[in-house]
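1. Sequence and predicted structure below; questions after.
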Amino acid sequence: TLHSHTLSRTRVHHSLTAHHHTAMQSQARTAAARLMRSATTVTVRNIVTKTAASTTSTMMPLALKQTRAVLVQQPLRAYALKKSVEESIKKMVTSHKLFVFIKGTPDSPMCGYSRAVVQLLDLHGIPPEDVNFFNILSDEEIRSGLKEYSNWPTFPQVYVNGEFVGGCDILISMHQSGELKDLLKTAGHESTYTGKGDE
């Protein structure tokens, strides 16, 4: 009886220890995810602040500068970009002053981030039917090749005058700061947006 009681206590102890360990792992993963999101936000804000302080109106648009700064921190190089795919992408982004790679179409975006980019452009006077785009869900080679071409892992991807600008987060940030108007102007589009960037 004493042996059974001791064995039972040992099993309970092991069970509680395993449960505690699992709970600690879950808390650690949650904390790490929060830290990652926080670190990403701080990094982008720092880049915007530092770049804004050193950029003049005669230099490269701020969006391109901050994008390149972010890209330096995120080396990918996991996919060997085919020459034919590279040429196809280059032809698309250089044939139009504004070009976006999204999931779905401007009239029917297939993800929230793509929808947000389309809505932002519409807000600035570029309706969905006027957006030059490529649906990355229609071609896996282009989709994979773009990650290497831009050295950026996510979609949508926005290009202005053949240069990679960024994705949804950067476009929202530029909209809030008022820089999106200036960027679109370099693409020959005069923004019709008259509100505040945080609206």
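-> That came through, no problem.
2. Tell me if Glu86 really is in a strand.
-> No - Glu86: not assigned to a strand; according to DSSP: H, G, I helix; E, B strand; the rest coil it is helix.
3. Begin at 107, not 1, for the rest of this chat.
-> Renumbered: residue one is now 107, and that last one reads Glu192.
4. Grab the nearest non-local neighbour of it.
-> Counting by C-beta to C-beta, 6 or more residues apart in numbering, the nearest residue to Glu192 once its immediate chain neighbours are dropped is Tyr255, at 6.2 Å. From N, CA and C alone the C-beta is placed, and that goes for glycine too.
5. give me the element Leu277 is part of.
-> Secondary structure from DSSP states H and E places Leu277 in helix 274-283.
6. packing partners for that helix?
-> helix 108-160, helix 168-178, helix 218-229, helix 285-292 (3 or more C-beta pairs under 8 Å, 6 or more residues apart in numbering; DSSP states H and E).
7. what packs against the last one?
-> In this case it means helix 285-292. Secondary elements touching helix 285-292 (3+ C-beta pairs under 8 Å, 6+ apart): helix 168-178, strand 263-266, helix 274-283.
8. Can I get that helix in CSV, CA atoms only?
-> What follows is helix 285-292, C-alpha atoms only, in CSV (Å, rounded to 0.1, in the frame of the first residue of the first chain):
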residue,chain,number,x,y,z
GLU,A,285,5.1,60.3,-48.4
LEU,A,286,2.8,58.1,-50.5
LYS,A,287,1.5,61.2,-52.3
ASP,A,288,5.1,62.2,-53.2
LEU,A,289,6.0,58.7,-54.3
LEU,A,290,2.9,58.5,-56.6
LYS,A,291,3.8,61.9,-58.1
THR,A,292,7.1,60.5,-59.2
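9. May I see the buried residues of it?
-> Glu285, Leu286, Lys287, Leu289, Leu290, Thr292 (16 or more other C-beta atoms under 10 Å).
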